[in-house]
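Enquirer: Need the 3D shape of this:
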Amino acid sequence: MISSGEIVEIVGCDASGKMQLGMTLIAELLLSESKRDRQVIVIDFNGSFRIGRLERILMHKMRSSNNNTSSKFNINDLLKRVSYGMAKYSGELRSRLLEIEFGLKNSSSVPVIFINKIGSILFDAVAKENNDGQIQKQILLTLNEFCHKFGATIIITNHLVSWRNISKPALGKIWIKGISKRIFLQKENNCFYVEAKIDGKTHGSRVNYSLSEAGFIV
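Expert: Just a heads-up that it's a prediction; the model follows:
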């Protein structure tokens with residue numbers, strides 16, 4: 001489980017299950033009795049986050065639970081704790097984050113912010129006008145403020161880019177250094193595996209995973 005006050009980036013190639021892992025983490029947070037005050041806020045790039053997919057993952061987890069979870073939670077009540085918005089470029093993301101901050105000032109809930117496809121949202125961060133990385137710096141500063149002020153849990157998905165035959169998270173050095181914890185989804189010999197890294201160093205062993213209606217399964 002991801003801790004409060006923490007930023008985690010899920011990184012991988014297309015169709016590697018980044019969204020599925022993000023939704024699975026969200027479902028686990030929503031179904032945690034100790035985290036009933038969590039409010040999930042989704043910022044999506046292209047509409048690929050579907051509430052119906054999250055609902056199916058929640059239902060699978062509720063049915064398969066050994067602690068009678070289905071009697072403790074109502075699926076509609078869980079989904080009411082999820083709000084959705086979109087951002088197509090850095091300016092829209094900043095505006096959305098400002099709206100969220102304003103709303104949290106009058107709320108007792110603890111936010112779980114899920115940003116899908118950050119590398120696509122911040123496409124303008126790779127423009128010549130941003131060669132000093134100000135866009136990345138501003139977004140990272142805002143996200144860290146959410147963690148410190150509100151105890152937010154922030155989950156981000158990002159794609160890989162190749163530079164000198166090495167695959168790295170998109171958005172450059174400033175972005176890479178600005179987030180210490182990442183979960184890499186990779187493929188080798190037709191098998192998918194997940195690997196966690198903290199400050200660029202592998203943490204624990206890599207584990208094979210699969211994707212299904214029940215979510216991300218290891």
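Enquirer: ok, now which ones touch residue 60?
Expert: Residue 60 is in contact with 213, 214, 215, counting by CB atoms under 8 Å, 6 or more residues apart in numbering. Quick note: C-beta positions are derived from backbone N, CA and C, even for glycine.
Enquirer: Which entries within those meet the buried criterion?
Expert: Among these, those classed as buried by 16 or more other CB atoms under 10 Å are 214, 215.
Enquirer: now, which of the contacts of residue 60 lie within strands?
Expert: residue 215 (DSSP state E).
Enquirer: Closest one to residue 181 out of the contacts of residue 60, please.
Expert: Closest approach to residue 181 among the contacts of residue 60 (CB to CB): residue 215, at 20.3 Å.
Enquirer: contacting residues around that closest one?
Expert: 20, 21, 23, 24, 27, 57, 60, 61.
Enquirer: burial count for the third one?
Expert: If I follow you right, that is residue 23. Applying other CB atoms under 10 Å, we find 26 residues neighbouring residue 23.
Enquirer: For this protein, name the helix or strand with the lowest mean pLDDT.
Expert: helix 69-72 (a mean of 62; mean pLDDT, DSSP states H and E).
Enquirer: how about the next helix or strand after that one as PDB, C-alpha atoms only?
Expert: Downstream of helix 69-72, the next assigned helix or strand under DSSP states H and E is helix 75-80. Output of helix 75-80 as PDB, limited to C-alpha atoms (Å, rounded to 0.1, in the frame of the first residue of the first chain):
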ATOM      1  CA  ILE A  75     -20.200   0.100  -4.200                       C
ATOM      2  CA  ASN A  76     -22.100   3.300  -5.000                       C
ATOM      3  CA  ASP A  77     -20.800   4.900  -1.800                       C
ATOM      4  CA  LEU A  78     -17.300   4.000  -2.800                       C
ATOM      5  CA  LEU A  79     -17.600   5.500  -6.300                       C
ATOM      6  CA  LYS A  80     -19.100   8.700  -4.800                       C
END
